[in-house]
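*Asks:* This is a predicted model, with the sequence first.
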Amino acid sequence: MNYPLDPENFPKEDADSESVYTCLSSNPFQSYASSRTSVSDRSSDRSSSPTLSVISITSSVREQAIANEHGRGINTHSEIYRLPADAEEVERLNVQHAMLKEIMGKYPRPLAEVLVDDIPGEPKTILDLGCGSGSWIFEAAADFPHCELVAVDLVPLQNLGMPSNCRSERDDINLGLEHYYGSFNFVHTRLICTGIKDYARLIDQISQVLRPGGLVEMLEFGFQLYDRNKQLVTVSLGSYEPPWFPRFMALICIAVSVRGGCLDASGKLYSWVKEIPAFTDIVHTRHWVPWSPWLEGTDPETKRLNALGALMSEDIKQFLKSGRPLLLGSGLPESHIDELTLRCLREIEEGRTPYYILLEHVYARHR
Ligand SMILES: C[S@@+](CC[C@H](N)C(=O)[O-])C[C@H]1O[C@@H](n2cnc3c(N)ncnc32)[C@H](O)[C@@H]1O
């Protein structure tokens with residue numbers, strides 16, 4: 001069997017971040033990519049009807065939606081999104097949700113106005129695309145009890161305490177959102193780009209899903225690391241040397257791109273939203289978060305960032321496990337992943353390497 005991600009197969013010259021992507025586009029295993037991504041077009045539970053596909057939430061439905069792959073539970077619906085959907089990942093996403101609230105706050109500023117309960121008998125509506133563990137939508141359901149909420153994911157939510165104003169739908173966002181057009185006051189998406197084929201199209205469709213005056217909020221991460229001066233950390237995939245975690249992430253980037261995920265979404269989010277005339281009052285924030293508590297100083301801002309860095313490092317340790325089936329499934333040898341993972345863990349434990357993670361956050365109103 002070929003090893004599409006075997007470092008031996010990568011160009012030997014130094015690669016800066018752009019050339020990592022260049023290397024992706026000139027990947028010798030491009031044909032592998034196109035044959036894999038076409039599978040997702042065939043896998044759908046969606047009927048051709050434009051009506052909503054509501055699935056009752058039972059454990060058997062959830063079990064059917066997940067299959068064991070390389071020791072983790074992976075969704076059976078999409079060949080593009082290959083991060084786990086099992087209990088361990090649910091726990092990681094729940095903890096990550098708490099961290100993200102610390103970083104960016106709970107809701108965008110205009111939300112209270114958008115969701116105000118002003119028309120009797122016409123509840124405001126909220127859509128969470130790629131809801132994951134449901135941590136965000138369960139809180140939103142409690143915070144806005146007068147609203148109706150829909151959670152969409154490749155794997156249905158299973159929560160015995162499912163709020164009565166919330167329902168779960170199993171669907172692949174890549175199949176289109178036409179059945180939701182004109183139906184929602186607020187659309188939320190967070191960290192879904194690895195499962196999205198065409199993010200620009202998704203944003204365009206969200207603009208049509210929103211009702212007039214509605215609000216969209218999106219957060220994405222580009223799977224790259226930045227140094228203390230906020231310059232991109234580059235890795236040479238033709239050699240095997242530090243920096244280790246950026247190397248791990250570069251391999252994840254290749255695996256995601258080969259499968260057809262949209263990794264440039266975070267960097268382009270803002271410009272894509274700006275291109276759509278239906279959007280106004282666009283707010284773009286870049287959140288720089290240390291990957292560990294490496295910052296020096298005792299002022300309140302440094303302390304705050306280091307507290308976030310401590311949370312981020314725990315998330316990263318869990319992510320090293322989450323990314324493993326994706327890398328294994330892409331043909332990278334287990335021994336290579338194990339060794340690289342150990343080196344990443346050592347790098348993060350030593351806490352000396354000054355990396356930043358960059359989160360791109362955009363929200364906008366529909367005219
Ligand atoms: C990294 S998780 C983030 C979950 C959640 N948004 C959060 O921030 O906690 C990405 C989620 O998006 C879902 N997802 C990715 N691609 C999808 C697609 N094409 N259609 C539906 N859900 C998708 C995955 O199944 C997964 O639950």
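*Replies:* That came through, no problem.
*Asks:* Check this protein for the residue nearest the ligand and tell me.
*Replies:* Nearest to the ligand, among the residues of the chain, is Gly195, at 2.0 Å (CB to the nearest ligand atom). Using the backbone N, CA and C atoms, a C-beta is placed for each residue, glycine as well.
*Asks:* contacting residues for that residue?
*Replies:* By CB atoms under 8 Å, 6 or more residues apart in numbering, Gly195 lies in contact with Ser78, Ile80, Tyr81, Gly130, Leu154, Ile173, Asn174, Gly261.
*Asks:* Please list which of the residues you listed are also close to the ligand.
*Replies:* Contacts with the ligand within the contacts of Gly195, as defined by CB under 6 Å from any ligand atom: Ser78, Tyr81, Gly130, Leu154, Ile173, Asn174.
*Asks:* can you list those residues in JSON lines and add neighbour count?
*Replies:* Output for the ones next to the ligand among the contacts of Gly195, formatted as JSON lines (neighbours: other CB atoms under 10 Å):
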{"residue": "Ser78", "neighbour count": "23"}
{"residue": "Tyr81", "neighbour count": "27"}
{"residue": "Gly130", "neighbour count": "19"}
{"residue": "Leu154", "neighbour count": "26"}
{"residue": "Ile173", "neighbour count": "22"}
{"residue": "Asn174", "neighbour count": "22"}
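*Asks:* In helices, which of those residues appear?
*Replies:* Using DSSP state H, no member of the ones next to the ligand among the contacts of Gly195 falls within helices.
*Asks:* Can you tell me which of these end up in strands?
*Replies:* Under the assignment DSSP state E, those contribute nothing to strands.
*Asks:* Skipping adjacent residues, who's closest to Leu83 in space?
*Replies:* Ser322 (5.3 Å; CB to CB, 6 or more residues apart in numbering).
*Asks:* where does Arg365 land in three-state SS?
*Replies:* On the three-state scheme (DSSP: H, G, I helix; E, B strand; the rest coil), Arg365 is labelled strand.
*Asks:* Run through the bridge partners of it.
*Replies:* For Arg365, the beta-bridge partners are Leu215, Thr280 (DSSP bridges).
*Asks:* so where's the chain shaky on pLDDT?
*Replies:* Scanning the chain for pLDDT under 70 picks out the ranges 1-59.
*Asks:* tell me which parts of it are close to the ligand?
*Replies:* Residues of the chain lying near the ligand (CB under 6 Å from any ligand atom): 75, 78, 81, 85, 93, 97, 130-133, 135-136, 152-155, 172-174, 190-192, 195-196.
*Asks:* try 5 Å
*Replies:* 81, 93, 130, 132, 153-154, 172-174, 190-192, 195 (CB under 5 Å from any ligand atom).
*Asks:* possible to save the ones next to the ligand among the contacts of Gly195 as JSON lines with distance to Arg247?
*Replies:* Shown next, in JSON lines, are the ones next to the ligand among the contacts of Gly195 (distance: CB to CB, whole Å):
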{"residue": "Ser78", "distance to Arg247": "26"}
{"residue": "Tyr81", "distance to Arg247": "23"}
{"residue": "Gly130", "distance to Arg247": "27"}
{"residue": "Leu154", "distance to Arg247": "28"}
{"residue": "Ile173", "distance to Arg247": "30"}
{"residue": "Asn174", "distance to Arg247": "29"}
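*Asks:* which residue ranges form the helices in the stretch 51-200 of the chain?
*Replies:* Secondary structure of the stretch 51-200 of the chain (DSSP state H, counting those that start in this stretch): helices at 59-64, 87-104, 111-114, 135-143, 199-209.
*Asks:* Put the alpha carbons of the first one into PDB.
*Replies:* What that stands for is helix 59-64. Extracted in PDB, the C-alpha atoms of helix 59-64 (Å, rounded to 0.1, in the frame of the first residue of the first chain):
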ATOM      1  CA  SER A  59     -28.700   5.600  21.000                       C
ATOM      2  CA  SER A  60     -29.100   3.200  18.200                       C
ATOM      3  CA  VAL A  61     -29.200   6.000  15.700                       C
ATOM      4  CA  ARG A  62     -26.100   7.400  17.100                       C
ATOM      5  CA  GLU A  63     -24.400   4.000  17.100                       C
ATOM      6  CA  GLN A  64     -25.200   3.600  13.400                       C
END
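*Asks:* buried stuff in that helix?
*Replies:* Arg62 (16 or more other CB atoms under 10 Å).
*Asks:* for the last one, same thing?
*Replies:* Under the neighbour-count criterion of 16+ other CB under 10 Å, helix 199-209 has Tyr199, Ala200, Leu202, Ile203, Asp204, Gln205, Ile206, Ser207, Val209 buried.
*Asks:* Now do the same contact list for the third one.
*Replies:* Residues near Leu202 by CB under 8 Å, 6+ apart: Leu129, Ile173, Leu177, Thr189, Ile196.
*Asks:* Now do the end-to-end distance for stretch 220-236.
*Replies:* The first and final residues of stretch 220-236 sit 25 Å from each other (CA to CA, to the nearest Å).
*Asks:* Please report how far the residue positioned nearest the centre of the chain lies from Gly213.
*Replies:* Centroid-nearest residue in the chain, with CA atoms, centre = their mean: Leu191, separated by 2.1 Å. Using CB to CB, to the nearest Å, one gets 26 Å for the distance from Leu191 to Gly213.
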